[in-house]
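K.L.:
Structure for the following, please:
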Amino acid sequence: MQFASVRLITADLPRLVEFYEQATGLPATRYTPDFAELPTPGSTLAIGSLRTPELFGDAHTTAAANRSAIIEFHVADVDADYQRLADLLAPTLVQAPTTMPWGNRSLLFRDPDGNLVNFFTPVTPAAQQRFAKQAAA
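P.N.:
Residues are numbered from 1 along each chain as shown. Okay, here's the model as predicted:
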């Protein structure tokens with residue numbers, strides 16, 4: 001089994017797609033006015049409008065209501081990304097780059113819908129080794 005994607009449901013697809021394009025530097029593919037994806041080497045961030053859950057038979061999804069998940073991106077240099085994105089992230093910054101006890105340097109912020117996002121770089125030898133094993137798998 002391979003983890004494929006996380007899908008965010010939003011009431012404002014263009015705004016959220018543009019935010020993630022700016023934050024990640026990755027271009028999104030807009031398949032329809034209701035669905036876009038930002039592919040990365042490991043998985044995909046999918047973004048759907050409020051109409052997309054209905055296609056799965058779920059009319060009860062609520063946009064901008066997440067308080068239990070963190071969307072995480074492994075980045076080459078979290079401090080450089082912080083400098084590059086300082087203006088974009090200023091209104092929703094949760095934590096400037098900080099080295100966590102498990103060895104990742106993390107930047108935490110919220111996207112326009114309030115979802116918590118973590119950009120991180122493994123900085124300790126143990127964390128770097130852990131991610132090198134994952135990349136080899």
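K.L.:
Pull up the per-residue confidence for Ser106.
P.N.:
Note on Ser106: pLDDT of 98.
K.L.:
show me what contacts it?
P.N.:
Val78, Gln95, Pro97, Thr98, Thr99, Met100, Asn118, Phe119, Phe120 (CB atoms under 8 Å, 6 or more residues apart in numbering). Every C-beta, even on glycine, is put in place using the N, C-alpha and C of the backbone.
K.L.:
Quickly run through the sheet partners of the helix or strand harbouring the second one, with directions.
P.N.:
Secondary-structure assignment from DSSP states H and E places Gln95 in strand 93-99. For strand 93-99, the pairing partners within the sheet under DSSP bridges are strand 104-110 (antiparallel).
K.L.:
Only the buried residues of the partner strand, if you could.
P.N.:
Asn104, Arg105, Ser106, Leu107, Leu108, Phe109 (16 or more other CB atoms under 10 Å).
K.L.:
go on, stretch 75-85?
P.N.:
Result for stretch 75-85 [16+ other CB under 10 Å]: buried residues Val75, Val78, Asp81, Tyr82, Leu85.
K.L.:
about what we covered before: just the buried members of the contacts of Ser106?
P.N.:
Val78, Pro97, Asn118, Phe119, Phe120.
K.L.:
For the third one, give me its contacts.
P.N.:
Shown here is Asn118, whose contacts under the criterion CB under 8 Å, 6+ apart are Ile70, Ile71, Glu72, Phe73, Ser106, Leu107, Leu108.
K.L.:
rerun that using 6 Å as the cut-off
P.N.:
Ile70, Glu72, Ser106, Leu108 (CB atoms under 6 Å, 6 or more residues apart in numbering).
K.L.:
Can you tell me the element the residue nearest the centre of the chain falls in?
P.N.:
Nearest to the geometric centre of the chain sits Ile71, at 4.2 Å (CA atoms, centre = their mean). Ile71 is part of strand 70-74 when elements are defined by DSSP H and E.
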